[in-house]
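Colleague: output the structure for:
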Amino acid sequence: LKMKCFKHFKRSLTDSVILSAHCLKKLLKALQEEIGFYPAFKWCLVSAGVCRLTGIEKQCFDGEHEMDYFILSPLHSSTSKYYLPVNKCSNKIRKLLTKDEIISLIDSAAKSDDVCWQNNSKERKSLFNSILNSDDCEKMLEMLKTLHFHQEKQKLNGKKLVSSDEIAMKTAENVLFQEFSIVLGIDYDSVEDFIISRANKLKS
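Modeller: Purely as a prediction, here's the structure:
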C-alpha cells in the first residue's frame, strides 16, 4: 500500500499539477491521506502567483540541515524556481479554484456592496495589504471592484489613483487574473472583460 501511494505521489509531481503559490493547506491534506504525512509548521512564502509543482528534492541551503523541498515554477517565468520546505508549508499553497467557484465569486462580488472606502491612506493601505495577504479571493475581488470604481471617479475629476492604491489594484489583478485565466481557459487580458460581462448579465 505504501509503495502504491508513493507511486501515485511521484506521478502527481511529474504530471506538474498546477497550483497557486498562495496557500498549501488543501494540497498537503490530500498528500496526508496518500502518504501519511502532514507538516505541523507554518512557512511564509511571498506570493508568486500561479505555479506548477514540478518535483520534490533534498536541499541543504544553510549548510547544516538537509530537508525535502517542493519545487515550484511560476507560470509567468520560465527560469524562476521556488523551494518550499515540505515540513513547513502547511497553509501557503492551495489547489486552484474550480470554474464554478470562480463564477460564484464573480456573482457574489457583483451583488455585494463596495468595500468601505477608507479616506485615510495609511489605514486604507493597511486594509488592502491585509486582504492581499489573506488568500481570500472573495474579499480580493470585492477590493478590486472598489478600486476600479474609485479609479473611474478619479478619472472624472482628472485625477489618478495614488501610488499605494495602484499597487494594490495591480497586485490583486495579477493574483486573481492569472488563476482565472488558467481555470476559465481564456487569455489573461480577457479576464477583466469576462468579469464585467458576467456582472452586467446579473444586473440585466
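
Colleague: pairing partners for the lengthiest strand in the chain, with directions?
Modeller: Criterion DSSP state E: the longest strand present in the chain is strand 50-59. Strand 50-59 pairs in its sheet with strand 18-20 (antiparallel), strand 67-74 (antiparallel), by DSSP bridges.

Colleague: please enumerate the helices of this protein.
Modeller: Using DSSP state H, the helices of the chain run over residues 2-14, 25-35, 99-111, 121-132, 137-156, 163-184, 191-203.

Colleague: about what we covered before: any chance of TSV for the strands paired with strand 50-59, columns mean pLDDT and distance to residue 121?
Modeller: For the C-beta atoms, the positions are set from N, CA and C on the backbone; glycine is no exception. Shown next, in TSV, are those (pLDDT from 0 to 100; distance: least, C-beta to C-beta, whole Å):
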stretch	mean pLDDT	distance to residue 121
strand 18-20	46	29
strand 67-74	81	31
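
Colleague: Throw those strands into CSV and include distance to residue 130, thanks.
Modeller: Listed next are these as CSV, based on distance: least, C-beta to C-beta, whole Å:
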stretch, distance to residue 130
strand 18-20, 19
strand 67-74, 24
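
Colleague: same list (the ones you listed) but as JSON lines, adding mean neighbour count.
Modeller: Converted to JSON lines, those look like this (neighbours: other C-beta atoms under 10 Å):
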{"stretch": "strand 18-20", "mean neighbour count": "20"}
{"stretch": "strand 67-74", "mean neighbour count": "19"}
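
Colleague: closest to residue 198 out of these?
Modeller: Nearest of those to residue 198, taken as C-beta to C-beta: strand 18-20 at 20.9 Å.

Colleague: next, count neighbours for residue 62.
Modeller: Residue 62 has 8 neighbouring residues, counting by other C-beta atoms under 10 Å.

Colleague: again, but for residue 50
Modeller: 23.

Colleague: what's the spacing between the closest residue to it other than its chain neighbours and residue 97?
Modeller: The shortest distance from residue 50 to any non-neighbouring residue, by C-beta to C-beta, 6 or more residues apart in numbering, is to residue 178 (4.5 Å). Computed with C-beta to C-beta, to the nearest Å, the distance linking residue 178 and residue 97 is 11 Å.
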